[in-house]
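Visitor: what follows is a predicted structure for the sequence shown.
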Amino acid sequence: MLANYGYKDGSGEYFITIDTEKCNGCGACIEPCPEHCFQIGSDENDPLRDEPVAAVVPGQRQKLKYLCMPCKPAGRAVNKLPCEEACTPGAISHSWYHVLQR
Amino acid sequence: MTTGTEKRKEKKVEYWKWPESRSTTPGIDWTKASIITCGIDVGSVSSQAVIMTDGKLFAYSSRRTGYNSPESARNALNWALEGTGMKPEDIHYTVGTGYGRVNVPFAQRAITEIACHARGANYLYGPSVRTILDVGGQDCKVIRCDERGKVETFLMNDKCAAGTGRGMEIIADLLSVPVQDIGRLSFEVDEEPPPVSSTCTIFAKAEATGLLESGWPLNRVLAAYCRAMAHRIGELILRAGVAKDFAMTGGMAKNEGVVKRLAKELNIDILPPSFDTQIAGAVGAALFAKVLAEKEQKK
Amino acid sequence: MITAGIDMGSATIKAVILKDGKVLAQNIIDTGREKEKLAKEALDGALKKAKLSLSDVEHIGVTGVGYKIIPFADKQVTVVGADAKGALYLFPSVRTVIDIGAEEGRAIKCTPDGRIVDFAINEKCAAGAGSFTESMSRAIELSVQEFAKVSLESTQSIPLNAQCAVFAESEVVGLIHAKTSKADIARAVHDGISARISAMARTVGLGKDVLLIGGMARNVGLVASLNKDLELEVMIPKEPEFIGAIGAALSAAE
């Protein structure tokens, strides 16, 4: 399952996608995130799955634009974010990379 | 001070909530059922209870959510059971879903709306459904699922009021038009106006006020607003991708002013519903309740 | 040389007249539907205060969200550019400029010579700008000024969970029902805006001197929240609304 956590508002789209087929529930994403955006637990969107999976912490989902800013400095190209880097199976991706819009 | 706030609230109730509904499927003898399950969806605006006998829809109700989630859940259940002779203790397993899902005291398990709407739409619209759009009172969800109703992709927006029932409620309230009339009125225009340009509901409301002041007829403003809403929801759907068949659940599915414009915007057919679209989440919950009850029996 | 600068904001239009880099007069009016006419009106008001006529003005610079449609201006300046220019002109030590208007908030990092290094914007969403305090002050039935001031009397910090100005309104209604004081509600709103603005400011980078401009700089409640979040004291010009217009007038002189 491609679980898209985040939102879209007037200013843009801000989604972190977790591919639950690739996620092995290892939890390596938790530590590197300076804003504590990730958690590991049972898959809340697939009640019949038994293995744990990563998800974006519910309270953080509506603030991603701002929470992710420290890892996405304006005007500078970012190759890989700490959460993406930590995820060996490559399950995590972001829908936006630059704060600089114009 | 409080009186002013309460007065505004009373006015809101008149315009923006969908009517309540209740139904029992005829010809089912529930006393012969081997498993009775219940799904309760406590939403921000309305709450639904669905009773299933051996995985078949037996009765449902859709009521307004009160201030207290446990009570709203209980009220919805009692109304669904009304006249059936069934009692709450006859139910083997209950699953809660929706915004207030953790506040359903008589539920054995809480499951997200994402999972429940996919299951529910699969049951109500049939296994050909691949894309589900659920627009509720405070959120918008796009779900892609397989032929068994298992979620493949989802995205949910509950941060921003634009593109949710709340965005519609604001305009219904501003223009004093009951929400069930918005769709019809929005088509009673000479020609389709351009959409309201602001995405943010606060700015769109100001824009709508400005259009009225500049002499636009009410219906034209409604058309511009519905079109903006359809565009906004359409953008979110495109992010998840559209696959046939396309179905809608939730309150917004009843607003043809948005539904028809959305179909046009995305150039798709939207499956016509033959039931109250607001019960889909509770139907899914009741179906999960059956699977979970059977899993427990096996243990 | 006499130049004029017009800043077409989303709520107000500002005009300033500059003579050899000195501010002669400034004028602010509410915006409306007929932008071009109102821009002229704002400018005429400023000219009247300066006891000048339009023919005395050599160049007119225009900036702001609706700046493209003003035909009598001969120089168009981006909002970010005008902000940085105006800010550095008045406060040469400033390296970070935060501009919070009615509908937009932005943070700009610049070099001593006014070159823009980075900037971040929150636009098209009421939650990060002045409109948010406006709708929230209405919800608790206070004027915007009272709302700003009462915030300073708050005794506790309550997080506002809603990240949308519309959803926040229902949350505030809930807080009123729970007998939360107006001071605490006002502070919660200012803290919310401040959290978003300071995230942007941190992203572009905080210089030693941070200047806060735009109409919201007059909101003492928001300023208090920002100072706490940024762990510094922001500098505020005496008339924070006019910095963009001054920047536009300066650019027009070049």
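Guide: Arrived safely, thanks for sending.
Visitor: now the strands for the chain?
Guide: By default, I'm working from chain A. With DSSP state E as the criterion, chain A has strands at A:2-9, A:12-19, A:38-41, A:53-56, A:92-94.
Visitor: nope, chain B please
Guide: Under the criterion DSSP E, chain B contains strands at B:21-24, B:36-42, B:46-53, B:56-64, B:93-97, B:109-110, B:131-135, B:140-145, B:151-157, B:246-249.
Visitor: what lines up beside the first one in the sheet?
Guide: Taking DSSP bridges as the criterion, strand B:21-24 forms sheet pairs with strand B:56-64 (antiparallel).
Visitor: now the strand it pairs with: buried residues?
Guide: When neighbours are counted by 16 or more other C-beta atoms under 10 Å in any protein chain shown, the buried residues of strand B:56-64 are found to be B:57, B:58, B:59, B:60, B:61, B:62, B:63, B:64. Backbone N, C-alpha and C define where each C-beta goes, glycine included.
Visitor: what's the answer for stretch B:143-158, then?
Guide: B:143-145, B:149-158.
Visitor: and chain A, which of those residues reach it?
Guide: Checked against chain A using C-beta under 8 Å from any C-beta of the partner chain, the buried residues of stretch B:143-158 yield the following neighbours: B:150, B:151, B:152, B:153, B:154, B:155, B:156, B:157, B:158.
Visitor: closest to residue B:118 among these?
Guide: Nearest to residue B:118 out of those is residue B:151 (C-beta to C-beta; 4.9 Å).
Visitor: nearest spatial neighbour of residue 5, skipping sequence neighbours?
Guide: Picked chain A for this. Beyond its immediate neighbours in the sequence, the residue positioned closest to residue A:5 (C-beta to C-beta, 6 or more residues apart in numbering or on different chains) is residue A:56, lying 3.7 Å away.
Visitor: let me rephrase: I mean chain C.
Guide: residue C:249 (2.9 Å).
Visitor: which residues touch the one you found?
Guide: For residue C:249, the contact set (C-beta atoms under 8 Å, 6 or more residues apart in numbering or on different chains) comprises C:3, C:4, C:5, C:16, C:17, C:18, C:61.
Visitor: hmm, back to that, pLDDT added to the buried residues of stretch B:143-158, as CSV?
Guide: Converted to CSV, the buried residues of stretch B:143-158 look like this (pLDDT from 0 to 100):
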residue, pLDDT
B:143, 98
B:144, 97
B:145, 97
B:149, 96
B:150, 96
B:151, 97
B:152, 97
B:153, 97
B:154, 97
B:155, 95
B:156, 92
B:157, 92
B:158, 93
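Visitor: for the longest helix along chain B, packing partners?
Guide: Of all the segments assigned as helix in chain B under DSSP state H, the longest by residue count is helix B:218-240. Taking 3 or more C-beta pairs under 8 Å, 6 or more residues apart in numbering or on different chains; DSSP states H and E as contact, the helices and strands that helix B:218-240 lies on are strand A:2-9, strand B:131-135, strand B:140-145, strand B:151-157, helix B:165-175, helix B:179-187, helix B:201-213, helix B:256-266.
Visitor: again, only this time at 6 Å
Guide: Under the contact criterion of 3 or more C-beta pairs under 6 Å, 6 or more residues apart in numbering or on different chains; DSSP states H and E, helix B:218-240 touches strand B:140-145, helix B:179-187, helix B:201-213, helix B:256-266.
Visitor: now that helix against strand B:131-135, angle please.
Guide: 130 degrees (axes from the mean of the first three to the mean of the last three C-alpha atoms, to 10 degrees).
Visitor: looking at the residue in chain A positioned nearest to chain C now. What's its pLDDT?
Guide: In chain A, no residue comes nearer to chain C than residue A:10, which is 3.0 Å away by C-beta to the nearest C-beta. What the model reports for residue A:10 is a pLDDT of 87.
Visitor: per-residue confidence at residue C:118?
Guide: As summarised for this prediction, residue C:118 has a pLDDT of 87.
Visitor: does the helix-or-strand element of chain C with minimal mean pLDDT reach chain B?
Guide: Between all helices and strands in chain C, the lowest mean by mean pLDDT, DSSP states H and E belongs to strand C:116-122, at a mean of 89. No - residues of strand C:116-122 are not located near chain B by C-beta under 6 Å from any C-beta of the partner chain, the shortest gap being 10.8 Å.
Visitor: output the helix or strand that that strand is followed by as CSV - backbone C-alpha positions only.
Guide: Beyond strand C:116-122 on the C-terminal side, the first helix or strand identified by DSSP states H and E is helix C:130-139. Taking C-alpha atoms only, helix C:130-139 is exported to CSV below (Å, rounded to 0.1, in the frame of the first residue of the first chain):
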residue,chain,number,x,y,z
GLY,C,130,-3.0,38.3,9.6
SER,C,131,-6.4,37.0,8.3
PHE,C,132,-6.1,34.3,11.0
THR,C,133,-6.0,36.8,13.9
GLU,C,134,-8.8,38.7,12.2
SER,C,135,-11.2,35.7,12.1
MET,C,136,-10.2,34.5,15.5
SER,C,137,-10.7,37.9,17.1
ARG,C,138,-14.2,37.9,15.6
ALA,C,139,-14.8,34.5,17.1
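Visitor: and the contacts of helix C:130-139?
Guide: Under the criterion C-beta atoms under 6 Å, 6 or more residues apart in numbering or on different chains, residues B:202, C:102, C:103, C:126, C:144, C:147, C:165, C:169, C:172, C:189, C:193, C:216 lie in contact with helix C:130-139.
Visitor: what distance do you get for the most centrally placed residue in chain A to chain B?
Guide: Nearest to the mean C-alpha position of chain A, counting by C-alpha atoms, centre = their mean, stands residue A:16 at 3.7 Å. Residue A:16 is 11 Å from chain B, where distance means C-beta to the nearest C-beta, to the nearest Å.
Visitor: show me the shaky parts of chain A.
Guide: Regions of chain A meeting the criterion pLDDT under 70 cover residues A:74-79, A:98-102.
Visitor: can you do 90?
Guide: In the predicted model of chain A, residues A:10-12, A:69-80, A:96-102 satisfy pLDDT under 90.
Visitor: near chain B, which residues of it? Just list them.
Guide: Selection of chain A residues close to chain B by C-beta under 6 Å from any C-beta yields A:1, A:2, A:4, A:7, A:8, A:9, A:10, A:44, A:45, A:47, A:62.
Visitor: run the last query once more with 8 Å
Guide: Within chain A, the positions lying close to chain B (C-beta under 8 Å from any C-beta) are A:1-10, A:13, A:15, A:44-48, A:61-62, A:95.
Visitor: just the buried residues of the residues you listed.
Guide: Once neighbours are counted (16+ other C-beta under 10 Å), the buried part of these comes down to A:1-10, A:13, A:15, A:44-47, A:61-62, A:95.
Visitor: specify the beta-bridge partners of residue 4.
Guide: In the absence of a named chain, this looks at chain A. Here residue A:4 shows beta-bridge partners residue A:17, residue B:155, assigned using DSSP bridges.
Visitor: looking at chain C here, not the other one
Guide: With beta bridges defined as DSSP bridges, residue C:4 has these partners: residue C:17, residue C:60.
Visitor: separation between it and chain A?
Guide: Separation of residue C:4 from chain A (C-beta to the nearest C-beta): 25 Å.
Visitor: was I right about that residue contacting residue C:23?
Guide: No - at 11.0 Å, residue C:4 and residue C:23 do not qualify as touching, with contact defined as C-beta atoms under 8 Å.
Visitor: wait, is residue C:14 part of a helix?
Guide: No - the assignment for residue C:14 (DSSP: H, G, I helix; E, B strand; the rest coil) gives strand, which keeps it out of a helix.
Visitor: what sits against the closest residue to residue A:66 other than its chain neighbours?
Guide: Distances taken as C-beta to C-beta, 6+ apart put residue C:199 closest to residue A:66, at 3.9 Å, once the chain neighbours are dropped. Under the criterion of C-beta under 8 Å, 6+ apart, the contact list for residue C:199 reads A:66, A:67, A:69, A:70.
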